[in-house]
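Engineer: Provide a 3D model corresponding to the input given below.
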Amino acid sequence: MPLVTLTTRKNKSDEFKSAVLDAVHNALVAAGVPQKDRFQRVLELDAADFRFDTEYPDLAKPRTDDFVLIEILFSVGRSVKIKKNILEDLIGSLSRAPGLDPENVMVCFKETAWENWSFGGGRLLHA
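Structural biologist: Okay, here's the model as predicted:
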């Protein structure tokens, strides 16, 4: 069960946010996540609350206000190859819709043990 958090600066359209979240979900599904396994949240912050370096680390061109941070929390066990495939699918999709420059996309994969998920009702299915 991946949990996706999209952080943007305020005033992004619903279409923009939906395009980003759809691209993330489609990349995860292509990597083996079930289609119905979709848990996402959006954090929209003022510029004063979402600060980022426009050039680090040695980008091809500076980041803009369209910068997005995508955090994907999922269970341990996915290989570097799978993560690279997710990134390739994701960046390709985001370049098309909503037309994001790849330099404006930061992705952070976070992993947790299977026994750390309670999908509902307080049940630990994998413990």
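Engineer: which element is residue 5 on?
Structural biologist: strand 3-9 (DSSP states H and E).
Engineer: What pairs with that strand, parallel or antiparallel?
Structural biologist: Strand pairing for strand 3-9, using DSSP bridges, gives strand 39-45 (parallel), strand 68-75 (antiparallel).
Engineer: Relative to residue 110, which of those is closest?
Structural biologist: strand 68-75 (4.5 Å; C-beta to C-beta). Where you see a C-beta, it was placed from the backbone N, CA and C, and this is true even at glycine.
Engineer: Give the next helix or strand downstream of that closest one.
Structural biologist: Sequence-wise, the next helix or strand downstream of strand 68-75 (DSSP H and E) is helix 80-96.
Engineer: which element follows that next one toward the C-terminus?
Structural biologist: On the C-terminal side of helix 80-96, the closest following helix or strand by DSSP H and E is strand 105-112.
Engineer: any idea of the angle the strand holding residue 5 forms with strand 105-112?
Structural biologist: 150 degrees (axes from the mean of the first three to the mean of the last three C-alpha atoms, to 10 degrees).
Engineer: what about strand 3-9, average pLDDT?
Structural biologist: Mean pLDDT, strand 3-9: 98.
Engineer: so who does the spatially most central residue of the chain touch?
Structural biologist: With distances taken as C-alpha atoms, centre = their mean, the residue of the chain nearest its centroid is residue 70 (3.1 Å). Shown in contact with residue 70 (C-beta atoms under 8 Å, 6 or more residues apart in numbering): 4-7, 20, 24, 90, 105-108.
Engineer: Show me which of those residues are buried.
Structural biologist: The neighbour count (16 or more other C-beta atoms under 10 Å) marks 4-7, 20, 24, 90, 105, 107 as buried among the contacts of residue 70.
Engineer: Between which two of the residues you listed is the distance greatest?
Structural biologist: Using C-beta to C-beta, the pair of the buried ones among the contacts of residue 70 lying farthest apart is 7 and 90, separated by 15.3 Å.
Engineer: Give me the buried positions along stretch 13-25.
Structural biologist: Counting neighbours by 16+ other C-beta under 10 Å, stretch 13-25 gives 16-17, 19-25 as buried.
Engineer: Brilliant, that's me finished.
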